[in-house]
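Trainee: Got a predicted structure plus its sequence, pasted below:
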Protein chains: 2
Amino acid sequence: MRFGVLGTGMVGRTIAGKLAELGHEVKMGSRSAGNEKAVEWAAGAGESASEGSFADAAKFGEVVVNATAGTASLEALETAGAENLAGKVLIEIANPLDFSQGMPPSLSVCNTDSLGEQIQRAFPEARVVKALNTVNAAVMVAPDSLTESGNVFVCGNDDEAKARVSELLETFGWLAGDVVDLGDIAAARGTEMYLPLWLRMMGALDTPQFNIRIVRAD
Amino acid sequence: MRFGVLGTGMVGRTIAGKLAELGHEVKMGSRSAGNEKAVEWAAGAGESASEGSFADAAKFGEVVVNATAGTASLEALETAGAENLAGKVLIEIANPLDFSQGMPPSLSVCNTDSLGEQIQRAFPEARVVKALNTVNAAVMVAPDSLTESGNVFVCGNDDEAKARVSELLETFGWLAGDVVDLGDIAAARGTEMYLPLWLRMMGALDTPQFNIRIVRAD
């Protein structure tokens, strides 16, 4: 399958690398073609890896992954072009972390709205599925690196798109029963607002290599 | 030990009941002494149980528990009286859920502030420890009702107060290693902002009887 991965940061490179490793064709997109990190990534990721502009990557992908910084995502997707996202599954991984006031970051949108919803509203023809934003990049593509299985969340308005993303997550190592469908895209408020707790847990555990597992009554 | 529990809702009654069951003296506080639910609770909870106003309960307790509705907590604590909270451990369980715009609730404070911080600022002599607000009432006092152990979080500016609350939590059934100290009271942003995710998980699981467990790399 062909994937367009928007973003050259740790998350973008990690997801793009995993997809290439799984045998997919992957084009990494950045603000302008020839981005140093994207070129370096493409050079090291095999023949199925390439790079280009946001629009190049979005056009290339049958599925598009938003791994840009949350506060820059709407602009990046605008540049990618609504026509290159229409009808496609858009896996939305970004967190709207605002570091402009220093640490800890706040969220640039929360409570009665979310980045996931903003993106779905701005690109009504994209099939937005929020996913993976509750774990760090390494855990996203290697959930089995933890000592016990944890949960990952999907939400979005398109059930078939969520089913396709869930299948993809299984190829990353997530167990089918551990992918929790939280409902429509407004649930992105929940997974994005989890970040402040995640950041404090990272501090308490002194590592970003962790996840949460739901424990039930029976 | 003597506890004052502010609030007559499910959380207040459950916590007060557990404390009485553990042999503590407990006074349940409400807006005015003689509250029907508080009287009913006190009548059924043994000789060590009593009820009164918020001020009566706060004055009575060596430790005070805020189990009022989050959006009413500051006013309730004002009524309880700063002088009745000074120097005492104040276990802050409330979530600032605002149901005024219907479902799902939003948070009346979040992102760059939290109810826990508001309370600590308003009552600087109280030793505020935010705890237990990430699970429902039944799980708070019976974490072993779940099939695996989960985590509970404490945060606050006073290390000794947090240590005392952690010990109390162990008497509720929480395992010592599962009580995670998230740091200062500003971490209440994290545990309060977790609520939208908790609510969606409740919907997906179709039960409020659950918790999360941190899974690590080793």
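Mentor: Thanks, I have the structure now.
Trainee: Any stretches of chain A with poor pLDDT?
Mentor: Across chain A, nothing is flagged by pLDDT under 70.
Trainee: Kindly list the longest helix within it.
Mentor: helix A:159-172 (DSSP state H).
Trainee: OK, contacts around the most centrally placed residue in chain A?
Mentor: Central residue of chain A (Cα atoms, centre = their mean): A:Ile93, 2.1 Å from the mean position. For A:Ile93, the contacting residues are A:11, A:15, A:65-67, A:130-133, A:140, by Cβ atoms under 8 Å, 6 or more residues apart in numbering or on different chains. All C-beta atoms are positioned from the backbone trio N, CA, C, and that covers glycine.
Trainee: Follow the chain on from the helix or strand encompassing A:Gly12 and name the next helix or strand.
Mentor: A:Gly12 is part of helix A:10-21, with elements assigned from DSSP states H and E. For helix A:10-21, the following helix or strand on the C-terminal side (DSSP H and E) is strand A:25-30.
Trainee: What strands flank that following strand, and is each parallel or antiparallel?
Mentor: When pairing is defined by DSSP bridges, strand A:25-30 lines up against strand A:2-6 (parallel), strand A:49-53 (parallel).
Trainee: just those strands: most buried one?
Mentor: Among the strands paired with strand A:25-30, strand A:2-6 has the highest mean neighbour count (mean count of other Cβ atoms under 10 Å in any protein chain shown), at a mean of 27.
Trainee: gap between that strand and the chain center?
Mentor: Relative to its chain's centre, strand A:2-6 lies at 11 Å (Cα atoms, centre = their mean, to the nearest Å).
Trainee: tell me the angle that strand makes with helix A:159-172.
Mentor: Orientation check (axes from the mean of the first three to the mean of the last three Cα atoms, to 10 degrees): strand A:2-6 against helix A:159-172 gives 90 degrees.
Trainee: residues contacting A:Val179?
Mentor: Contacts of A:Val179 (Cβ under 8 Å, 6+ apart): A:151-154, A:166, A:169-170.
Trainee: Could you check how far A:Thr114 is from chain B?
Mentor: That one is not Thr; residue A:114 is Ser. To chain B, A:Ser114 is 9 Å away according to Cβ to the nearest Cβ, to the nearest Å.
Trainee: For that residue, grab phi and psi.
Mentor: The phi/psi pair for A:Ser114 (degrees, to the nearest 10) reads phi -160, psi 160.
Trainee: and it, what is it in contact with?
Mentor: Applying Cβ under 8 Å, 6+ apart, we find A:Ser114 in contact with A:96, A:130, A:185-186, A:188-189, A:192-193.
Trainee: do the same with A:Tyr194
Mentor: Applying Cβ under 8 Å, 6+ apart to A:Tyr194 gives the contacts A:134, B:193-194, B:197.
Trainee: now with 10 Å?
Mentor: Contacts for A:Tyr194 (Cβ atoms under 10 Å, 6 or more residues apart in numbering or on different chains) come out as A:95, A:133-134, A:153, A:201, A:212, B:190, B:193-198, B:212.
Trainee: Narrow the contacts of A:Ser114 to those in strands?
Mentor: A:Lys130 (DSSP state E).
Trainee: could the contacts of A:Ser114 be laid out in CSV, adding neighbour count and distance to B:Glu40?
Mentor: As requested, the contacts of A:Ser114 are exported to CSV (neighbours: other Cβ atoms under 10 Å in any protein chain shown; distance: Cβ to Cβ, whole Å):
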residue, neighbour count, distance to B:Glu40
A:Pro96, 26, 46
A:Lys130, 33, 44
A:Ile185, 22, 43
A:Ala186, 21, 38
A:Ala188, 33, 42
A:Arg189, 30, 37
A:Glu192, 30, 41
A:Met193, 26, 36
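Trainee: May I see the contacts of A:Ser114 arranged in JSON lines, with distance to chain B as well?
Mentor: Output for these, formatted as JSON lines (distance: Cβ to the nearest Cβ, whole Å):
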{"residue": "A:Pro96", "distance to chain B": "10"}
{"residue": "A:Lys130", "distance to chain B": "11"}
{"residue": "A:Ile185", "distance to chain B": "11"}
{"residue": "A:Ala186", "distance to chain B": "8"}
{"residue": "A:Ala188", "distance to chain B": "9"}
{"residue": "A:Arg189", "distance to chain B": "5"}
{"residue": "A:Glu192", "distance to chain B": "9"}
{"residue": "A:Met193", "distance to chain B": "4"}
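Trainee: Inside helices: which ones of the contacts of A:Ser114?
Mentor: Residues of those located in helices (DSSP H): A:188-189, A:192-193.
Trainee: quick check, nearest of those residues to A:Asn35?
Mentor: Lowest distance from A:Asn35 to those (Cβ to Cβ) belongs to A:Glu192, with 26.2 Å.
Trainee: Could you measure from the residue nearest to that closest one when sequence neighbours are not counted over to B:Pro196?
Mentor: Once flanking residues are discounted, A:Glu192 sits nearest to A:Ser114: 5.1 Å by Cβ to Cβ, 6 or more residues apart in numbering or on different chains. Counting by Cβ to Cβ, to the nearest Å, the gap from A:Ser114 to B:Pro196 is 9 Å.
Trainee: Any idea how many residues pack against A:Ala33?
Mentor: 16 (other Cβ atoms under 10 Å in any protein chain shown).
Trainee: Determine the three-state secondary structure at it.
Mentor: coil (DSSP: H, G, I helix; E, B strand; the rest coil).
Trainee: ok, back up a step: closest to A:Asp181 out of the contacts of A:Ile93?
Mentor: Distance to A:Asp181 across those (Cβ to Cβ) is lowest for A:Ala131, with 10.2 Å.
Trainee: Can you report how many residues neighbour that closest one?
Mentor: A:Ala131: 26 neighbours (other Cβ under 10 Å).
Trainee: In this structure it contacts A:Ile185, no?
Mentor: No. With contact defined as Cβ atoms under 10 Å, A:Ala131 does not reach A:Ile185; the gap is 11.2 Å.
Trainee: what is in contact with the two at once?
Mentor: In contact with both A:Ala131 and A:Ile185: A:92, A:116, A:155-156, using Cβ under 10 Å, 6+ apart.
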